[in-house]
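> From the sequence below, what's the structure:
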Amino acid sequence: MTALPPPPPLIGPAWLAAHLDHPDLVVLDAGVGAHRHAAHRIPGARPFDLDGALSDPRSGLPHTMPSAADFQRELRTLGVNDHSTVVLYDGAGIHSSPRAWWMLRAMGFDRAAVLDGGLPAWQSAGHPVTSHQLPYSPGDFTARPRPGLLIDRDAVAAALADPDTTVLDARSHDRFTGDAPEPRPHLRRGHLPGSTSLPFTDLLTPDGRYLPLPDLHTRLTTATANRPHLITTCGSGVTACILAFAAHLTTHPTPTVYDGSWSDWARPETDLPVATGN
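Numbers count the residues shown, from 1 in each chain. The predicted model follows:
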C-alpha cells in the first residue's frame, strides 16, 4: 500500500472515509465530559482520554499537559507510531479535539488532523459508527517537546503587560464579565486583567464546524487588533485550543495556550488579580 500523504490540519468526513482502512492511520476519540467513553465511535477509533491518563495527575488541575515521558507512554499504548497519521475528533463537533491536536504538536508530532464537525459530521455524512473496539498493537511514538506552545501563569502574567500581545479568553462572555458563575464553584469570577473576550462559539457554525477561513481570519484579526503575539485561555485549557487552532489555520503568528487557564489563575490561593465587567 502506498504511503499516506500528510493531511491538512482540518479535514472533512470524506477525507477520513477515503483513508480509514490505511494501516498508518490512527483515529483518536478525544471526547470529554458527557462524550468521554462514548458508546458509539468511528470504526477503529481509540480513546484519547483528556479526562484521565492524558492529563497531568500531579498538577491538581483539569486537562493540563502530562510530562513528556507520560505522554509518550500513553501514545505508545494507543498504538501511535512516529510514522503514523493521526485524526482527532470528539462527539461535540469541535470542542476538545483541537486540544488533543495541540498537545501532539507541543510534543513535536505534526502528522495530525482535526475532523471538522467531529462525530456528528461523520454521521451526518452517512458514515458508520460502531460500539466495538478493534485490537491494536503498541506503537513507537517519540515525544519531542516544543517549548512555548503551552505556557504557565508566570509567562501569562508577564505577557499581560506587553503591548504587542493579545490574550484571548475562549469562555462565554458572561463568564468573562463575571456575570455567570464558574462551573468549578471554588474559582473566582471574572477574567485576566487586560484580556479580550472571544468565545470559542464565535468561531464555529451552529452545527459545530469551523467557520470558513476568511471569516476566521476576520474575527481573529479584529480580536487581536493585529498584535503580533497571541495567548489563548479558557476554563481549563481545552477550548483555548479552539482559538489557537483557528489561528494556526489562518497563519496567524504562532499562538500560545495558557495551560491550566482560569482553573489555575482564579484559584483563591493564588491571589492573582481578577477583573470583572467588559
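
> secondary structure class for the spatially most central residue of the chain?
Closest residue to the average C-alpha location of the chain: R99 at 1.6 Å, with CA atoms, centre = their mean. Assigned with DSSP: H, G, I helix; E, B strand; the rest coil, R99 falls in the helix class.

> That one against S236, yeah?
No: the pair R99 / S236 is not scored as a contact, 9.2 Å apart, by CB atoms under 8 Å. C-beta coordinates here come from the backbone N, C-alpha and C atoms, glycine included.

> Return every residue with contacts to both of those two.
Counting by CB atoms under 8 Å, 6 or more residues apart in numbering, the residues touching both R99 and S236 are H63.

> what about the helices in the stretch 151-278 of the chain?
Ranges of helices in the stretch 151-278 of the chain, per DSSP state H, counting those that start in this stretch, are 153-159, 173-177, 213-224, 240-249, 261-265.

> and L249, how many neighbours?
Using other CB atoms under 10 Å, the number of residues around L249 comes to 19.

> Which residue ranges of this structure form strands?
10-11, 25-29, 46-47, 85-89, 112-115, 150-151, 165-169, 196-197, 229-233, 256-258 (DSSP state E).

> how about those strands, which one is nearest S59?
Closest to S59 of the strands of the chain, according to CB to CB: strand 150-151, at 11.9 Å.

> Average pLDDT for the closest one, rounded please.
In this model, strand 150-151 carries a mean pLDDT of 98.

> Wait, A38 touches G118, no?
No: A38 lies out of contact with G118 (CB under 8 Å); the separation is 10.5 Å.

> Compare the two (neighbour count), which wins?
It is G118, of A38 and G118, that has more neighbours when counted by other CB under 10 Å, with 27 against 17.

> From what I see, that one and S97 are in contact.
Yes: G118 is within contact range of S97, at 6.2 Å (criterion: CB under 8 Å).

> Could you name every residue contacting both of the two?
With CB under 8 Å, 6+ apart, G118 and S97 have common neighbours 89-90.

> Before I go, just wanted to say thanks for your time.
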